[in-house]
Each structure stands twice: as structure tokens, then as C-alpha cells.
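A.B. asks: Test case, fold it:
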Amino acid sequence: MFGKTRRADVLEEPEEGLGPLRVAPSMARPVPSWRGVQRRGGGWADLMPTVDEFFGTSTQVCGGFWPFGTDMALPVEGVPVGRSMMTGAGVCCDPISWFKAGIIEQPSMFVMGLPAIGKSTFVRRQEWGLAALGVNAIIPGDLKPDYAALTRLLGGQVIRLGSGLGSINPIDPGDVHQVLKRLSGRLRDDLLADYHERRAALLEVLLTIARSGRADAGRTVSDVESNVLSTALKLLYERTRDWPCPPVISDLRDLIRDAPPEVRAAAVFDDPENDDAVAMATRDLLASLHGLSNRIGRFGRLFSEQTTEAIDLTRPVDFDISALAQGGDDVVAAVLAATWSAAFAAKNAQDMLAEAGLAPRRNNVIIMDEMHRALRASPLMVDRLDLLTRLNRQWGVGQIMITHTFADLLCLGTDAQNAKARGFVERSKIKVLGALSRTEVDRYLRGESGLPISMREEDLLADWGTPTNYASGASFKGVGKFLVKLGGLPGIPIDVQMCELERSGFNDTNTKWRS
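C.D. replies: Numbers count the residues shown, from 1 in each chain. Below is the predicted model:
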């Protein structure tokens, strides 16, 4: 009989009130009841197990529980970043590990939040954890500096740049001059083509920055000047390829001033023998190059000498430009342009050596903090970063971009630049959001970027930006708290919990306020 037990199948009860054991008619061994089987190794239960009960409307239940009876699993791939504020479970997240695990299609992360909520602490955890996983970070512009102490702790390379501290040679970004001597065939041709393009692009950025703010609009880099610059750089390389050290800007200036036939043809294609026409076409370019190479000029020794310290990508690398933080925006932007170009050039050269079997293949993560300052330097910087966010997977690098608000990316001068900057956020698969205002969430994140943020998540981000009270020592509720968003999935609110080394070592960004 279905649902009932025949008397003949009932064995003697083992204890009073414990319920019967049943034996199937055709089997010699007992069939367990809901309490299990009372025997050695059996599952005899003292109490009826209970499950959590929830109440909700039919709309909520069918949309939230069916067909899944449990919450989505938290990711366990990558760097441990904190604990879920919902369940207390540990959460792991980084762009490289999630990409390798197939969770995201591109190794990219965008971190956004108000100042002093722990964005740099979160990203330093990324650098630390990725170093343990064999992925070294490259910080191409550390303004505060936020990452120098950790980079030293990891045995990395901290390259200091500033007046009297260090220089970077724009004629040889990434120290590729020596790498080209080790390659041959197609790999050398590919690296050489990238070398020429990168040097010309960097010099155009530096010239644009150096001429910014001047009333004469004609002093921007013209088509003729760009042609002369590219021609002179290629000619200079052919003349100096066997030099033990690469040429510097003063060598380029002198070559253009001497006006060899190739430069004349690039400057005045219809009458290259006309000395006055050649001099007129190259006059502004020579003056700007002299300004960059002049050691007592506005940029000092920053671009006039050989690179002080070559990049070593076998360990983490941090370009410490904190000595320039109080300088003008043009100087900071010029140095950021040079360090970004040097970092990407060094990475490309490393990949070429690995393809030739001369070095192991490595993946890196590029950390771009205060990125809006570099983007405002020149439209070419926007184009370079736009290319990175599209081709990072092919280049073998991941990127972590940090800024305060989405509005920082929408004040770059032109609608075209703003549209490209908007794409940086859209193409970043992982969004890590800290405390933000409701205006920022509703107008920019929902409106401009189309990021699906629920009202509950908006309330959470706005609440995190609220001070706890007016008392001394009060802080924002959201210090160390972030919402990890992946596409249209519900965000994971996490609380970054620091270990003792993080608290006492490299995470204090208010050291100048200590007695």
C-alpha cells in the first residue's frame, strides 16, 4: 500500500518513542525512515532537520526563488578582496584570474568612488594578490605615491622621476634600443615599426602639451611638422642604431636643424632646395624641441637626458612622480604621457623577446590611478587608452582604472573624447563601486554608461557616502566597502578586511598628517 506500512514489515522498535524501522518485503536489510538507520555508521537523527522559511508576494517569489532555491555562488577565483556583507563568505576578484577562468571576456576593471573611502587600499590588495599569483603590476604614474611602499615590499622597482631625481628619454620609450639589437627577422621588423610609431606619437603629445595655453593656434603640431618629425626619427635611428646608448632630443633637434635631403623633402616637398622655405617650415618645431631639451627650461632635465633607470618587468614596477604633484598640470601630464608610453613599449618588447624564445612570457596588469589627469593632457592620450581597452586581451595585459566619479571622464574638451572615455567604463567588465552620490548613480552610471543598478544598490552606495556622525574621528560609513558589479548580475557588497601588515605598513595615505 502506497504511503502505509504493513504490520508484517515492521520490526521491533529499538527504543520506546523512537519510531519503527521498516523492511522492504523483498529485501533483507532495513529501509531507513526519515531518521536514518540505527546501526554503526548509520545516520540516526535526534531531531527533525528544518530549513529556512521565507515569506513574499507571488511576484517576488517567482522572480527571486524560482527556479533557484539558493543564492548565486560567490566567486572563488583570484585575489581575496573581502567578505560578503550579505553572507559573510569570502569573495575573490581580480581581472586577470576572472578572465583566465572564463568569467569575463576581457581582463579589465574600473574602480570608482568618492575620495578617502579606500580605493587605493582595494587596488593595492589587487597588486599584492596578483604578485602572489605571478602577475606583476605596472603603475605608470604614481602621483601621491600610493603604491611605492608596497612595490618595494614586493621586491619591485620604484622609478622616481622629477627635477634632479630622474629622467626619461622620449626618443627611447621602454628602453627598446637595446632590445632591437637582440632580435632579427620579422620580430625585429614588427618591433621597429611599433618603436617608430610610438616615439612619434609621444613626441607629438609632448609638443602639444608644451605649446598648450599659447595664444597662437598655429603652434600646435601641424601635418608638416608631424611628417618632418616622423622622417627625422627614422633617419636618426639609422644613424645611431649601433650606438651603445640611444640618442636624445637634442640629437633629433640637431638633425632637423642640419636639414638633410630626407628632412627637406618632408618639410617642403615642392621645393626642397629652398633654404628659406625649409627654415620657415621647421622653425617652430625646432623651437619646441629645444624647449624640451633645455635643462634649465620648464621641464628641466625630465626629457633632456638618458633614461635614469631601465624598466625591469620581471618584478612590479612603479613610476613614482610624486615630486611633480605640486607642479603645473602641463608638467604632470607630459610626464604621465612619457611613463605610459614607456610602460607599454617595454611590455611590447618583452612579448617580442618571449616570442623569440629569449625571455619567458609574462602577463602584467596596468594600474592607472588618477587617470583623468592624463586623459586631459592631449587627445592622443585618450586614443592610446582607447586602444588599450580594446586590445588588452591580445596584448596579454589587464588594466585597473581608478577615478573618483564618472563625471571626471566627461570633461575632456570635445564630445568625441568624452564618448571614447565613456567607452572605457562600458568595456570594463568588472565595475567596483564605492560610496557615490545619488546624482552620480542616477545621472551618469545609469544614464551615461547604462549600468544596471537597482534602487537597493543605489541606496547602499548613497548610504556609504554618509558620515557616521559629527563626533571627532567620525568617518564615512562606506570606508572599505565596495559593490562588485558584473554586467546585469546583482552586485556583491563586500567589506575589505585588512591584515595587520596592511594596517601598519603601506596603506596609510595620511602620513603627512601624523605627528
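
A.B. asks: Look up the closest residue to G164, ignoring the ones flanking it.
C.D. replies: R301 (7.1 Å; C-beta to C-beta, 6 or more residues apart in numbering). Every residue, glycine included, has its C-beta placed from N, CA and C.

A.B. asks: what about the helix or strand hosting A346, distance to the chain center?
C.D. replies: According to DSSP states H and E, A346 maps onto helix 329-355. Distance of helix 329-355 from the chain centroid (C-alpha atoms, centre = their mean, to the nearest Å) equals 14 Å.

A.B. asks: And it, what's buried?
C.D. replies: For helix 329-355, burial by neighbour count (16 or more other C-beta atoms under 10 Å) applies to 330-353.

A.B. asks: follow-up on the earlier one: S167 is in contact with the residue nearest to G164, correct?
C.D. replies: Yes: counting by C-beta atoms under 8 Å, R301 touches S167, with 5.3 Å between them.

A.B. asks: okay, the two: which has more neighbours?
C.D. replies: A direct count of neighbours by other C-beta atoms under 10 Å for R301 and S167 places S167 higher, at 23 against 18.

A.B. asks: With adjacent residues omitted, what lies nearest to H290?
C.D. replies: With C-beta to C-beta, 6+ apart, the residue lying closest to H290 is R253, at 5.8 Å.

A.B. asks: how about whichever helix or strand the one you found is part of as CSV, C-alpha atoms only?
C.D. replies: According to DSSP H and E, R253 maps onto helix 249-258. Output of helix 249-258 as CSV, limited to C-alpha atoms (Å, rounded to 0.1, in the frame of the first residue of the first chain):
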residue,chain,number,x,y,z
ILE,A,249,66.0,65.0,-28.0
SER,A,250,69.0,67.3,-28.6
ASP,A,251,70.3,64.9,-31.3
LEU,A,252,66.9,65.0,-33.0
ARG,A,253,66.9,68.8,-32.9
ASP,A,254,70.4,69.0,-34.4
LEU,A,255,69.5,66.5,-37.2
ILE,A,256,66.4,68.6,-38.2
ARG,A,257,68.5,71.8,-38.0
ASP,A,258,71.1,70.3,-40.3
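
A.B. asks: That helix packs against which elements?
C.D. replies: Counting contacts by 3 or more C-beta pairs under 8 Å, 6 or more residues apart in numbering; DSSP states H and E, helix 249-258 packs against helix 223-240, helix 275-293.

A.B. asks: and with 10 Å instead?
C.D. replies: If contacts are counted by 3 or more C-beta pairs under 10 Å, 6 or more residues apart in numbering; DSSP states H and E, helix 249-258 sits against helix 185-210, helix 223-240, helix 261-267, helix 275-293.

A.B. asks: if we can go back for a sec, now for R301 and S167: what residues contact both?
C.D. replies: Counting by C-beta atoms under 10 Å, 6 or more residues apart in numbering, the contacts common to R301 and S167 are R295, T308.

A.B. asks: quick revisit: just the angle between the helix holding A346 and helix 275-293, please?
C.D. replies: In terms of direction (axes from the mean of the first three to the mean of the last three C-alpha atoms, to 10 degrees), helix 329-355 departs from helix 275-293 by 90 degrees.

A.B. asks: what's the angle between helix 329-355 and helix 185-210?
C.D. replies: Calculated by the same axes, to 10 degrees, helix 329-355 forms an angle of 180 degrees with helix 185-210.
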